[in-house]
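1. Below is the sequence, then the predicted model.
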Amino acid sequence: MNLRHRKRTALIVFLLCLPLALIAYFLFTFTNEKLNADEITNMEITSDGADAIVYTDRESISFYTELFLASSKLNSPMRELENEPAVKVRLEREDSVLTYVIYPELSETGCMFTDPRGVCYLIPKEDARAMLSRKEFSFLYVASALPELTIVSGSSSTEILPVSYGWYYKKQDGTYEQYKEKPVTEGGEYARIYSNRSNSMTFSRKPDELSVTITDKDGNILPQTELGPLVFGNDTVLKVTVNATWLRTGAGNCDGSASYDFELLYDIPAILTLSSDTAQIGGGVVINVRFLNEDETVTLKSGLDLGELYFTENEGVKTAVLGVADTNFPGKYEIEYTIGDNTDYFDLTVAGKTQDERAEIYRMSVSDELYEQALSDSAKAELNGIIESIYSTAPEKTYSVLGFAKPVSSGKLVQPYGTRVIANVNNTTDTHLFYAIGNTYSVDKEAGVYAAAKGRIAYTGECGTLGKVVIIDHGCGVFSWYCGLSSIERGEGTEVGPSTLLGKAGVNPYDNTSTVVFCVTAGKVFINPIP
């Protein structure tokens with residue numbers, strides 16, 4: 001082998017070995033790097049689910065750097081670490097950031113960490129004991145937290161916060177720490193139990209000493225000290241005072257006491273009944289509910305297009321009219337209803353012709369201007385705005401339910417509710433399909449228009465779709481609408497009785513005849529005003 005060949009071979013070998021040398025040098029340098037607390041400018045510690053704690057003081061930084069340096073390297077972890085609670089310690093230096101991950105264990109002999117390279121170490125027992133007593137590891141003492149007081153009613157439960165407490169738990173270094181994590185209340189706690197369920201008051205750890213006082217709304221002390229034996233004939237509000245003490249006995253590592261004051265509602269579940277189990281398409285069903293509390297709502301779930309429920313007081317019960325929209329189909333439907341924590345079902349049979357099955361068709365021609373004013377999307381939005389406005393204020397009382405008189409003393413029904421209306425714009429093929437939302441009556445010029453039932457005037461005004469209109473609130477979520485008036489005789493807020501004069505009939509802009517349109521909404525759904 002000549003000299004040139006030997007030199008070339010030596011160069012190739014050197015180049016091939018260079019990466020290995022660099023890797024070996026890096027490992028040697030990193031492995032032997034000594035942590036120096038003085039070089040750490042900032043330390044950030046984050047435990048599972050908690051906010052980061054930042055330390056800049058030398059004492060805390062030195063504690064962790066010395067702990068890391070004093071630990072023993074492990075060939076493999078002592079246990080599976082994948083699902084273990086972890087605490088990340090982030091050490092910031094001017095030239096780099098080092099992240100250590102600690103896997104704590106209250107046994108003190110099983111605390112480990114991994115260094116920035118992923119190498120696992122075992123923390124000495126004495127260092128582990130000191131580490132586990134620091135605040136960043138307080139999450140490990142959850143089992144030593146103040147016991148929870150829970151009011152249980154069937155499958156429902158409500159935790160009650162204390163008004164005051166003193167609680168202490170034993171740390172790994174043998175000292176006792178005051179527990180302060182549980183929030184306190186000023187006495188505004190509230191719970192509900194139901195008369196048809198098993199009811200109890202439970203602690204997550206049974207107190208060694210317990211006193212319970214239950215009083216009625218007048219302050220009279222009841223003989224019962226447990227919830228199970230309570231029996232009342234009506235919804236009843238009670239006040240409950242509880243004082244509990246836990247003693248430090250045997251191997252116990254926590255003790256203290258707590259006081260609780262809360263309001264308890266003994267609730268007889270609401271009872272829902274229907275006026276009928278059958279409803280017409282575009283009709284309404286009266287729903288009565290007994291024992292419905294002020295903070296309870298009735299929610300429905302079904303395959304039907306239904307109106308919302310607005311309840312008002314009605315001779316000892318609360319009543320709402322459920323509107324069945326004109327868009328529904330016949331059939332028997334199961335309706336799920338939920339009141340508070342209670343869910344049940346009822347069946348409702350819907351009958352009648354669908355929109356496409358009806359024979360009544362009304363054709364009319366409108367100008368571009370009239371279409372934009374009365375039938376366009378902007379006109380519909382204006383009408384929907386009025387609907388939202390009248391339903392935005394909770395109804396005050398029940399004036400009447402269903403069963404309306406004709407709003408005019410004489411007159412012919414020329415376009416009944418649900419009629420298919422085909423509007424041609426300027427006598428062209430530009431057609432639009434609508435369905436009549438009320439009854440249209442042909443009347444004498446300036447004929448009187450009267451309230452169809454007792455109620456209170458909720459709205460007077462004018463809109464593009466309906467012209468001048470008066471709307472009466474009857475309670476139960478039902479409003480009657482008197483549309484196309486030439487004049488209005490009564491103002492908003494006025495209570496009216498049947499046959500009270502509301503205004504005079506106006507002129508129909510589509511055919512220049514004297515007409516009145518009478519509509520009824522139940523829970524924002526237009527229904528047949530006079531079935």
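-> Nice, I can see it.
2. Now for residue 131, how many residues are close by?
-> Neighbourhood size, residue 131 [other C-beta atoms under 10 Å]: 23. Backbone N, C-alpha and C define where each C-beta goes, glycine included.
3. show me the contacts for it.
-> 63, 67, 102, 104, 111, 123, 137 (C-beta atoms under 8 Å, 6 or more residues apart in numbering).
4. just residue 86 next, same as before
-> Contacts of residue 86 (C-beta under 8 Å, 6+ apart): 47, 48, 101, 102, 103.
5. Any chance of TSV for those, columns distance to residue 158?
-> Shown next, in TSV, are those (distance: C-beta to C-beta, whole Å):
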residue	distance to residue 158
47	29
48	27
101	38
102	37
103	36
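6. Now pLDDT, distance to residue 428 and neighbour count too, for these, in JSON lines please.
-> Output for these, formatted as JSON lines (pLDDT from 0 to 100; distance: C-beta to C-beta, whole Å; neighbours: other C-beta atoms under 10 Å):
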{"residue": "47", "pLDDT": "86", "distance to residue 428": "73", "neighbour count": "19"}
{"residue": "48", "pLDDT": "73", "distance to residue 428": "70", "neighbour count": "10"}
{"residue": "101", "pLDDT": "97", "distance to residue 428": "76", "neighbour count": "18"}
{"residue": "102", "pLDDT": "96", "distance to residue 428": "80", "neighbour count": "25"}
{"residue": "103", "pLDDT": "95", "distance to residue 428": "79", "neighbour count": "19"}
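7. Out of these, which sit inside strands?
-> 47, 101, 102, 103 (DSSP state E).
8. who does the residue nearest to residue 416 when sequence neighbours are not counted bridge with?
-> Spatial nearest neighbour of residue 416, chain neighbours left out: residue 439 (5.7 Å); criterion: C-beta to C-beta, 6 or more residues apart in numbering. For residue 439, the beta-bridge partners under DSSP bridges are residue 518.
9. now swap in residue 262 and tell me
-> Using DSSP bridges, the bridge partners assigned to residue 262 are residue 189, residue 240.
10. Please work out how many residues are found near the nearest residue to residue 88 once chain neighbours are set aside.
-> Spatial nearest neighbour of residue 88, excluding adjacent residues (C-beta to C-beta, 6+ apart): residue 46 at 4.8 Å. Other residues near residue 46 come to 16 when the count uses other C-beta under 10 Å.
11. Over to residue 440?
-> Counted with other C-beta under 10 Å, the neighbours of residue 440 add up to 25.
12. Ok, residue 442 next?
-> Counted with other C-beta under 10 Å, residue 442 comes out at 19.
13. how close does it sit to residue 528?
-> 19 Å (C-beta to C-beta, to the nearest Å).
14. Sitting in strands, which of the contacts of residue 131 do you find?
-> Counting by DSSP E, the contacts of residue 131 contribute residue 102 to strands.
15. could you dump the contacts of residue 131 to JSON lines with distance to residue 237?
-> Listed next are the contacts of residue 131 as JSON lines, based on distance: C-beta to C-beta, whole Å:
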{"residue": "63", "distance to residue 237": "54"}
{"residue": "67", "distance to residue 237": "56"}
{"residue": "102", "distance to residue 237": "51"}
{"residue": "104", "distance to residue 237": "47"}
{"residue": "111", "distance to residue 237": "52"}
{"residue": "123", "distance to residue 237": "55"}
{"residue": "137", "distance to residue 237": "44"}
